[in-house]
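>>> I would like the atomic coordinates for the input below:
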Amino acid sequence: MDLFFRILGYVAAVLTTVSFIPQAYQCITTRKTDTISLWMYILFVAGVIAWAAYGFYKNDLAIILANSITAVLSSIILVIKIVNLPKEKKERLAKAQEEKKNR
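Now for the predicted structure:
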């Protein structure tokens, strides 16, 4: 039974980590992050780093690997989001001015 749950842990780790790859790929290639929440990514990165630390504490390779890889991918997205903040603000202001002008 212990083997079943160990395998289940690795399957869960692979699935959740792999699910992040399309988002990371899209952000890296397009550099578009305007629909991504900054605070969600700040909290998410902090959370997966905490999970990785917990994995080290528990000596659980599945938790360590999954959360370390996810931390790297989500940190890349977070950095791109932060770099894009001034551009996104400028675009929001231009859109608001355009909407005001069209009223």
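>>> could you list every residue that touches the most centrally placed residue in the chain?
Nearest residue to the geometric centre of the chain (Cα atoms, centre = their mean): Ser74, 3.0 Å. Shown in contact with Ser74 (Cβ atoms under 8 Å, 6 or more residues apart in numbering): Phe20, Ala24, Tyr41, Phe44, Val45, Val48. For the C-beta atoms, the positions are set from N, CA and C on the backbone; glycine is no exception.
>>> Narrow the residues you listed to those in helices?
Residues of these located in helices (DSSP state H): Ala24, Tyr41, Phe44, Val45, Val48.
>>> Would you list the buried entries among the residues you listed?
The neighbour count (16 or more other Cβ atoms under 10 Å) marks Ala24, Tyr41, Phe44, Val45, Val48 as buried among the ones in helices among the contacts of Ser74.
>>> most residues in a single helix of this structure, which one?
helix 61-101.
>>> what's in contact with stretch 23-38?
By Cβ under 8 Å, 6+ apart, stretch 23-38 touches Leu73, Ser74, Ile76, Ile77, Leu78, Ile80, Lys81, Ile82, Asn84, Leu85, Glu88, Glu91.
>>> Can you tell me, leaving aside adjacent residues, what's nearest to the last one?
Taking Cβ to Cβ, 6 or more residues apart in numbering as the measure, Glu91 lies nearest to Asp34, with 7.1 Å between them; neighbours along the chain are not counted.
>>> again, but for the first one
The shortest distance from Leu73 to any non-neighbouring residue, by Cβ to Cβ, 6+ apart, is to Ala24 (4.2 Å).
>>> Also the fifth one?
Across the structure, with Cβ to Cβ, 6+ apart as the measure, the residue nearest Leu78 apart from its sequence neighbours is Tyr41 (4.4 Å).
>>> ok, back up a step: got a quick PyMOL command for the buried subset of the contacts of stretch 23-38?
Here is the PyMOL command that selects the buried residues among those (16+ other Cβ under 10 Å):
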select buried, resi 73+74+77+78+80+81+84+88
